[in-house]
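A.B. asks: quick one, fold the following:
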Amino acid sequence: MPHPDTDKCTYCDNTEELRPYAKDGGPICYRCASEPEHLEEAQASFMVQLAAIDALIEGNPDYVMVLSHRGLEAVRFSEIDEYAADLAKDEENE
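C.D. replies: Residues are numbered from 1 along each chain as shown. Next up is the predicted model:
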């Protein structure tokens, strides 16, 4: 089930550097994910998502794994230039 509020951290009001690694895929900021009480949960959620992406692209040479400020994503090789341009636009807008 998607988290109802994706604009702020599940555990604080931070709206920056959010990743979907809180309980049930909710957003969590870097600071909260690094705190001892949330670290194990965030790491476990990351590993579940990593395994899902790995299963998606396993044996498929058309994809590459990309880790950026957006998180971990599977990107088609044929779309990597467009993806890189989108990342550059994101950085310009920050």
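A.B. asks: surely A42 touches P20?
C.D. replies: No: in this structure, A42 is not within contact of P20 by C-beta atoms under 8 Å, at 9.9 Å. (Each C-beta comes from the backbone N, C-alpha and C, glycine too.)
A.B. asks: overlap of the contact sets of these two?
C.D. replies: When contacts are counted by C-beta atoms under 8 Å, 6 or more residues apart in numbering, the set common to A42 and P20 consists of I28.
A.B. asks: need the single longest helix in the chain, by residues.
C.D. replies: helix 36-57 (DSSP state H).
A.B. asks: against which helices or strands is that one packed?
C.D. replies: Using 3 or more C-beta pairs under 8 Å, 6 or more residues apart in numbering; DSSP states H and E, the elements in contact with helix 36-57 are helix 30-34, strand 63-68, strand 71-76.
A.B. asks: save those as a markdown table, and put in mean neighbour count, mean pLDDT and distance to N14 too.
C.D. replies: Shown next, in a markdown table, are the helices and strands packed on helix 36-57 (neighbours: other C-beta atoms under 10 Å; pLDDT from 0 to 100; distance: least, C-beta to C-beta, whole Å):
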| stretch | mean neighbour count | mean pLDDT | distance to N14 |
| --- | --- | --- | --- |
| helix 30-34 | 16 | 94 | 7 |
| strand 63-68 | 14 | 78 | 19 |
| strand 71-76 | 15 | 80 | 16 |
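A.B. asks: quick one, which of those is nearest to N93?
C.D. replies: strand 63-68 (14.1 Å; C-beta to C-beta).
A.B. asks: partner strands of the closest one and their direction?
C.D. replies: Its sheet considered, strand 63-68 pairs with strand 71-76 (antiparallel) by DSSP bridges.
A.B. asks: and the helix or strand that the partner strand is followed by, what does it pack against?
C.D. replies: Towards the C-terminus, the helix or strand next in line after strand 71-76, according to DSSP states H and E, is helix 80-93. Here helix 80-93 touches strand 63-68, going by 3+ C-beta pairs under 8 Å, 6+ apart.
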